[in-house]
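K.L.:
Got a predicted structure here, sequence first:
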Amino acid sequence: MAKVATRYVCSACGAVSLKYQGRCFECQSWGTLVETHDVREEPKSRKQRSPGALPSVENLEDDTPSGFHRTMTGIGELDRVLGGGLMEASAILVGGEPGIGKSTLMIQLAPRLEGKKVLYVAGEESPNQIRERARRLGIKAPGLRLVSEVSLERILDTIAHEQPFLVIVDSIQTVHSSDYQSSAGTITQIRECASALIRAAKEQNFILAVIGHITKEGSLAGPKALEHMVDTVLQFEGEGYQRYRIVRSVKNRFGPTNEIGVFRMEETGLEEVSNPSEFFISDRTADVPGTAVLAGIEGSRALLVEVQALVSRTGYSMPQRISTGFDLKRIAIILAVLEKRLQYQTATQDVFVKIAGGLRLVEPAADLAVAAAIASGLQNRPCSPSAACCGEIGLSGELRAISDGERRIREAVHLGFSSIVMPAANTRELKPSVRKLSIRIVGCRTLHEALESMEL
């Protein structure tokens, strides 16, 4: 006889509790426990189970030819983010703000895969709505098959009948299974439906692309286990009202993580941006205080990014610290180093930091550019317009070594910068070919030396 078990599952980390409590015991998040009902058959005893065939076990060194290969999508920026194209029998999760271009990018895949059958499972739109969008974008894809269905069982039957090369599910929050009593979009439905689709992809050898909603905090909706189940997680960054879109690989089992692809939203859909560095510094005004150029690394790509800082005297007892695209806690550390080690007066100043172009900087090498922009704003003096910079700042004010210094230098040369300021540790072992480039490489040991080199 089936038993109905009531469980409380955390929507943030997926932890399961037998009773409701305001705070998750695993991730310490408040108000994230959601009631779920699981219908389970009574398990058979170990003695009643019939022994099955054991799975095959192989050695790591066995030279077995792999049957998997990649398929190029024809969209260069997407292939870069995926690590070289679509991998057979893989599962891809695509997340982002509503209207940012997730469905548009998936539809644009279909005509690029010539001779391949693509099945588009629409849970939020009718086939006529998708046809109208394709006409508006000028997309002609004879191999694109449309089905409007939200039942997991019927979707799996359709996949088995059509045998497509690529299956696009838009979106996973609308799919539900009749095996579970909870409604579509709940943690149990998302987890179990995604698991069934991924298992079908592995068994039937098709590529699964799942579109997922995100929460108001910017994370993917549903249990954290959803991100662990898939092979690749792609995250759209940028705002829906902006022209440019950034696709970042948050997770990738078949390629590098934190790789980015830059697209531009046009009337015909998403178009590739071949040189993102020019986009990130295209509207830069060099003679204005409070700006600095970062020679950064995103994934395997070198980028030059403009960092902006506005510093003004506060009108409140507590100064404001507001950041867009950069961690607010790291800004607090940089401000403390500037005040303690270099005697900059920041306690009475409001500080606003923004990364131009909508990019989100994570790497530690961005510290120096943020510090230079803030120092420029405090002194009301512009940085050297022909200088780029990069470096991690320690708590004692020293500049610590960073990775991929040579690629940063070459990108700065490519865009016409005459000097680059970086940690001294990165300048000691440069190749002779890099030293011969037409750029002045300035190695600094401390933040004070770096700011002086940038004419601050």
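P.N.:
Perfect, I can see it now. Numbers count the residues shown, from 1 in each chain.
K.L.:
Show me where this protein dips below the pLDDT cut-off.
P.N.:
Filtered on pLDDT under 70, the chain yields the residue ranges 1-4, 12, 38-52, 63-68, 216-218, 221-223, 239-241.
K.L.:
Tell me how it divides into domains.
P.N.:
According to automatic domain parsing, the chain is divided into the following domains: 3-40, 71-273, 279-453.
K.L.:
Tell me the buried residues in the shortest one?
P.N.:
By 16 or more other CB atoms under 10 Å, the buried positions in domain 3-40 come out as 7-15, 24, 32-34, 36, 38. For every residue, glycine as well, the C-beta is placed using N, CA and C.
K.L.:
ditto for stretch 306-314
P.N.:
Buried residues in stretch 306-314 (16+ other CB under 10 Å): 306, 307, 308, 309, 310, 311.
K.L.:
Need those residues in CSV (columns: distance to residue 109 and secondary structure).
P.N.:
Below are the buried residues of stretch 306-314 laid out as CSV (distance: CB to CB, whole Å; DSSP: H, G, I helix; E, B strand; the rest coil):
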residue, distance to residue 109, secondary structure
306, 32, strand
307, 34, strand
308, 35, strand
309, 39, strand
310, 41, strand
311, 45, strand
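K.L.:
Spatially, which two of these are the most separated?
P.N.:
Spatially, the most separated pair among the buried residues of stretch 306-314 is 306 and 311, at 16.4 Å (CB to CB).
K.L.:
what about the helices in this structure?
P.N.:
Under the criterion DSSP state H, helices of the chain are mapped to 76-82, 102-112, 127-137, 152-162, 187-204, 225-229, 276-280, 328-342, 367-379, 405-414, 432-435, 447-453.
K.L.:
helices or strands next to the third one in the packing?
P.N.:
If I follow you right, that is helix 127-137. Under the contact criterion of 3 or more CB pairs under 8 Å, 6 or more residues apart in numbering; DSSP states H and E, the helices and strands touching helix 127-137 comprise helix 102-112, strand 118-122, strand 144-148.
K.L.:
angle of it against strand 144-148?
P.N.:
Regarding helix 127-137 and strand 144-148, their directions subtend 140 degrees when assessed with axes from the mean of the first three to the mean of the last three CA atoms, to 10 degrees.
K.L.:
now do the fifth one
P.N.:
Between the axis of helix 187-204 and that of strand 144-148 there is an angle of 150 degrees, by the same axes, to 10 degrees.
K.L.:
Next, the buried residues of helix 187-204.
P.N.:
Across helix 187-204, burial judged by 16+ other CB under 10 Å covers 187-194, 196-198, 200-201.
K.L.:
Leaving out the residues flanking it, which one is nearest to residue 180?
P.N.:
residue 188 (5.4 Å; CB to CB, 6 or more residues apart in numbering).
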